[in-house]
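Chemist: pasting the structure only:
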């Protein structure tokens, strides 16, 4: 028989919301909007890995303007993709810290998508804009906003 994890820092009958244990919340508790946002964010990370692979291939073939800049762009692309993947995992686990980085990422994705459309690359620009729209829409659903809000802190209040 499985045992339930105990709450830390609160009495059993305090009536407040249970504090999260160290494990990830089950997928059934994660709102659909957050799952959509996490999937969009992870898809952007995968797309950036593909772009990094193209940059690495171009650098290896000698088609980069300078070898050092090709290597730098490739490393930046893979590092940023790792960051996007971490944000996607945070969204999937409904971690409050992931909201701001996810929204800021979408601002940059929209800028990049418009730039790609302006540069006659609709095969990259249109999916980028659609993914940004899906991620922001998923983040702004009421259930997602509730899931990402931190409970009010009671530890720092003073009684008179």
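Modeler: Ah, there it is. Quick caveat: nothing in here was measured; it's all calculated off a predicted structure. Numbers count the residues shown, from 1 in each chain.

Chemist: for the helix or strand where residue 130 lies, what is the distance to the chain centroid?
Modeler: Per DSSP states H and E: residue 130 is located in helix 122-139. Averaging C-alpha positions (CA atoms, centre = their mean, to the nearest Å) puts helix 122-139 13 Å from its chain's average.

Chemist: what's the next secondary structure element after it?
Modeler: Counting by DSSP H and E, what follows helix 122-139 is helix 142-148.

Chemist: and the contacts of that next one?
Modeler: If you take CB atoms under 8 Å, 6 or more residues apart in numbering as the criterion, helix 142-148 is touched by 30-34, 37, 94-96, 98-99, 138-139. Every C-beta, even on glycine, is put in place using the N, C-alpha and C of the backbone.

Chemist: show me what the host helix or strand of residue 54 is packed up against.
Modeler: Here residue 54 sits within helix 32-60, counting by DSSP H and E. Counting contacts by 3 or more CB pairs under 8 Å, 6 or more residues apart in numbering; DSSP states H and E, helix 32-60 packs against helix 67-92, helix 99-118, helix 122-139, helix 142-148.

Chemist: now it: average pLDDT?
Modeler: For helix 32-60, mean pLDDT is 94.

Chemist: what are the buried residues along it?
Modeler: In terms of neighbour count (16 or more other CB atoms under 10 Å), helix 32-60 has its buried residues at 33-45, 47-49, 51-52, 55-56, 59.

Chemist: circling back: now do the buried residues in the helix holding residue 130.
Modeler: So for helix 122-139, counting by 16+ other CB under 10 Å, buried means 124, 125, 128, 129, 131, 132, 134, 135, 136, 138, 139.

Chemist: ok, now which ones touch the closest residue to residue 125 other than its chain neighbours?
Modeler: Nearest non-adjacent residue to residue 125, counting by CB to CB, 6 or more residues apart in numbering: residue 116, 3.3 Å away. With contacts taken as CB under 8 Å, 6+ apart, residue 116 has the following neighbours: 122, 124, 125, 128.

Chemist: tell me which of those is nearest to residue 63?
Modeler: Using CB to CB, residue 124 is the member of the contacts of residue 116 that lies nearest residue 63, at 18.0 Å.

Chemist: show me the shaky parts of the chain.
Modeler: 1-28, 156-160 (pLDDT under 70).
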